[in-house]
Structures are given as C-alpha cells and as structure tokens.
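> Could you look at this predicted model? Sequence included:
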Protein chains: 2
Amino acid sequence: MIKITAQQQKVLDCIEVYIKETGFPPTRLEICNELGFKSPNAAEMHLRALEKKGVISIKSGSSRGIVLNNKIPDGYPVIGLVAAGSPTLATENIERNIQCDSSLFGSNFDYFLKVKGLSMIEAGIFEDDLVAIKKTTDVKNGDLVVARIGDEVTLKHFYRTQESIELRPANKDYSVIKINNSVSQFEIEGKGIGLLRTH
Amino acid sequence: MIKITAQQQKVLDCIEVYIKETGFPPTRLEICNELGFKSPNAAEMHLRALEKKGVISIKSGSSRGIVLNNKIPDGYPVIGLVAAGSPTLATENIERNIQCDSSLFGSNFDYFLKVKGLSMIEAGIFEDDLVAIKKTTDVKNGDLVVARIGDEVTLKHFYRTQESIELRPANKDYSVIKINNSVSQFEIEGKGIGLLRTH
DNA sequence: ATATATACTGTAATTATATACAGTATAAAT
DNA sequence: ATTTATACTGTATATAATTACAGTATATAT
C-alpha cells in the first residue's frame, strides 16, 4: 500500500487544482508560491517523492512535465446477474463500460448490475435496468441490496428483524427470503444507490 | 463565424493530441517537430492567429501556456416540470447539471426532466426520477413523450388513433388525455430515451 | 547506532522556452 | 494597387524552468 505524507498530499492537490484551473501543470516555483515554500528544491523533493511512490511521473527535461498517474477510469462496468456465482468484476463478466461521473448518483459506486427478472418491479426496477451498486456490507432496513446466498445472487430490499434477516421482493407474486442460522454462505455484496434505464 | 485555415486546424489538432497524450500543452518547438516546421516562429505565428480567432488563449511568459478555449459542456441540465409553461432551458429553470456522456442512453439527448406526480408509476417512472429527454416531434406509438397542452406540461405514453392522439398514463387511477381538434396549443416537446434515479 | 525518509532554505548553473526581429513568398481582401 | 492575412525559414536573446549541489533539522526504520 502506498502511503503519502500530508505535505506530499498538499503538493499533489496543488498540482491537480493548478491543472484544473489552467489546463497545464505548474512549475516548481509555482508550487512553491502556492504552498509558501521559499526554495524550488522543496517542490522538487516532493515531486521526486511522489514519483517514487508512483503517484506522478516527471518527464525529465520538459518544463511543466508533471504527469498525474491517477488515470481516470474508463467508465463503470456493467455486470450481468449470473445465475450462479457472484457478480465479480472479472473481465469475463463485464458486458460493457458506461462513461459517467462517479457522482452521478450522489455518492460513489463500483459497478452497474443488469437486472434479471421482475422481483423488484413495484419498486420501479424493471428487467434490464442497470442498478448502480456500491460495494459495502453496511446496509440499513429498506436498502436495496445485492445479496449472495450460496451461488445465488439476488437484488432485494433488506430488512433485519428480531429473529432473522429478510430479503423482500417488490412484487406480490414473489415471496420473502428469510435468512436464519440454517442458511449458510449468506453475504451482502453491496447496495443499490441509483438506477439507469434506456428506453 | 470564425473560419480557421487548414494549417491552423492542423496546429490545433496537434495541440489537442499532444495534451491528450502527455497531459500538458506542447512548446513551439514541439509543434514544429510534429508538423515538420523548421522555425519556431512558424508555430508562434499559427498560435497568434488561433488566439486572434478566439480558439486558444496564450498565457504570456508561461512555458506551454496554451489554453484551449473549446470548453467541454458542463453536463446536462435538470429541469423541473413546472406546472405552467414549457420546460425550457432558460437558466432559471435549471435545477442543476449532471455530468455524463452524451451516449449514456444510446442516442443523444438534450436535458433531464424531473418527474412530478405518479401518473407513470406502472412504467417504473417514479416521482423525482430524471427522464432524459431528446427534443423532437418525431414520436411513435408507445413512446414516452413530453407534451404541452396549453400551459400544462405532461409526461405520458403517446398513441395515435384514427380519431385523435392519446396521451396515456401508466397508472390506473389516472385517465387518458385525448387530443382532438377542440384542443388548441398541443405540442410534442420531446421524447424520453432514458431514466436516472438516485436512491 | 546508523541509515533512510521527510521537510525544508539558499544558491547557482544549465537547458528549455517564449518571443522578437529580419526575411521571402503567395493568396485574398479593400 | 495596396494592404492584410497566410505561411513559412533562420537567427538571436531574454527569461522561464529544471535541476544539481550544499546545507540544516526532525522523525522513523533497521
């Protein structure tokens, strides 16, 4: 794991802001002016440290030759609800990528899950809708969750009662799944924070 | 209208490609190397011409101080369904902007309409959902359309019958709106090509 | 105990870069 | 007919910027 110091983070932030505002990276001196350093070598040393940690690249000999290595993700993967097995981010499970902002649904998310079946239709979630999933196990009552029971992956509303955990469909033709001690291999994969539908 | 010469376009393309590949703008000499010029002044003159035409800005005294003025659009506007009046793109009607790709829903669209009411609930369109609207009058039976009847703006399914045009809700508690000769000021604003929901 | 990383100041040299100036030539506008 | 814009070469220079070197000091790792 790469650990960045507070000062190095300041320098990195400074570079990002500078690029965002001007369209090109800052010089050592401009970093100094921004952060109050009195020697260009202060900026230089921070840049070297950031390069060593792989966060940036420095194109030697070029003015403003600072390259940010935090490559923008080329969209979010769309994953089908495979009948058996978890909706992993393995390449073979990715149907396509959708280019959108991480903040499209307010908070960050990890992938889109393509909905199979009609179990959530009363919640306005139709077949082939894409539900934005944030990988987490921190879920509250009423949350839309992606749960795995053995090899089965399902999208339901989460409710915790005194005796058990309930996965409730939003379709009166489907029945509630009750999770108790006899159910093994139960896991919350994540929660749905948004929905995307193409007509 | 700004007219750019073929050579100036080459220089502009060169700058765009260079920025895309390196993350920072080229120097005069680097432009020369890319395009085969033998004098830095060739690049300089092209840059001056491009600046004069407003396509770029040059930050005098800064190395690589070339700024592209073709600002990326800051997303798609979210427009509320105002009870009276059309959902225009006037600034006062824009609630916020959503940053996403134009191809998020397959084809291009113009704005997001924030849904009010429950008339389309059986089509999985809930209150406060955002429907991506493409401005067009070319609609087919079954399309989700934004229609304006006088001052009233509504989101419904479009059906053309022998006698009239029908705007059908997707909620049995609502009734079909029939458009016939007695209805004045009827207009199709656009059609819904996608949906965005935040949980 | 000694080395290594962090976190700087201060100075200086080399190189990278912008930019001015002097030309040449052609095409389009007034 | 004369100006103005385009489209360069070629040279020169001031300055912008990288980058090396010499220090100082503290914290953390081995």
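Cool, the structure landed.
> what helices or strands is the lengthiest strand in chain A leaning on?
Counting by DSSP state E, the longest strand found in chain A is strand A:186-198. Under the contact definition 3 or more C-beta pairs under 8 Å, 6 or more residues apart in numbering or on different chains; DSSP states H and E, strand A:186-198 sits against strand A:130-134, strand A:144-149, strand A:152-160, strand B:186-198. (Each C-beta comes from the backbone N, C-alpha and C, glycine too.)
> gap between the closest residue to A:Gly150 other than its chain neighbours and DNA strand C?
Nearest residue to A:Gly150, sequence neighbours excluded (C-beta to C-beta, 6 or more residues apart in numbering or on different chains): A:Gln185, at 4.8 Å. From A:Gln185 over to DNA strand C the distance is 42 Å, taken as C-beta to the nearest atom of the strand, to the nearest Å.
> A:Gln185 contacts A:Glu152, correct?
No. A:Gln185 lies out of contact with A:Glu152 (C-beta atoms under 8 Å); the separation is 9.5 Å.
> Between those two, point out the one with more neighbours.
A:Glu152 (14 against 9; other C-beta atoms under 10 Å in any protein chain shown).
> Get me the contact residues on chain A for chain B.
Applying C-beta under 8 Å from any C-beta of the partner chain, one finds that chain A approaches chain B through A:19, A:22-25, A:27, A:59, A:62-68, A:98-101, A:103-106, A:121, A:124-126, A:129, A:143-144, A:192-199.
> Packing partners of the least confident helix or strand in chain A by mean pLDDT?
Here the helix or strand of chain A ranked lowest by mean pLDDT, DSSP states H and E is strand A:94-98, holding a mean of 85. Here strand A:94-98 touches strand A:76-80, going by 3+ C-beta pairs under 8 Å, 6+ apart.
> before we move on, back to that, restrict the residues of chain A next to chain B to contacts with DNA strand C.
A:62-65 (C-beta under 7 Å from any atom of the strand).
> Mind giving me the PyMOL command for buried ones among the residues you listed?
To isolate in PyMOL the members of these that are buried, counting by 16 or more other C-beta atoms under 10 Å in any protein chain shown, one can use:
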select buried, chain A and resi 62+64+65
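> Any chance of the ones next to DNA strand C among the residues of chain A next to chain B in CSV with distance to B:Ile94 and pLDDT as columns?
Output for these, formatted as CSV (distance: C-beta to C-beta, whole Å; pLDDT from 0 to 100):
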residue, distance to B:Ile94, pLDDT
A:Ser62, 41, 94
A:Ser63, 40, 95
A:Arg64, 36, 95
A:Gly65, 39, 94
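> Redo the ones next to DNA strand C among the residues of chain A next to chain B as CSV? Include secondary structure.
Shown next, in CSV, are those (DSSP: H, G, I helix; E, B strand; the rest coil):
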residue, secondary structure
A:Ser62, coil
A:Ser63, coil
A:Arg64, coil
A:Gly65, coil
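> right, and out of the ones next to DNA strand C among the residues of chain A next to chain B, which lies closest to chain B?
Minimum distance to chain B across those is 3.9 Å, recorded for A:Ser63 (C-beta to the nearest C-beta).
> ok, now how distant is the closest one from B:His46?
According to C-beta to C-beta, to the nearest Å, A:Ser63 and B:His46 sit 20 Å apart.
> Can you pull the domain assignment for chain A?
For chain A, automatic domain parsing gives the domain ranges A:6-68, A:76-196.
> Between the ones you listed, which has the poorest mean confidence score?
Of all the domains of chain A, domain A:76-196 carries the lowest average pLDDT, namely a mean of 87.
> do the lengthiest helix in chain A and DNA strand D meet?
Taking DSSP state H as the criterion, chain A has its longest helix at helix A:6-22. No. Using C-beta under 7 Å from any atom of the strand, helix A:6-22 stays clear of DNA strand D, coming no nearer than 10.4 Å.
> Which residues of chain A lie near DNA strand C?
A:5-8, A:32, A:36-42, A:45-46, A:49, A:52, A:61-65.
> Mind checking which of those residues are buried?
Here, 16+ other C-beta under 10 Å leaves A:8, A:32, A:37, A:42, A:45-46, A:49, A:62, A:64-65 buried among those.
> How many neighbouring residues does the residue lying closest to A:Tyr76 once chain neighbours are set aside have?
Leaving aside its chain neighbours, A:Tyr76 sits nearest to A:Ile98 (5.3 Å; criterion: C-beta to C-beta, 6+ apart). Neighbour count for A:Ile98, taken as other C-beta under 10 Å: 21.
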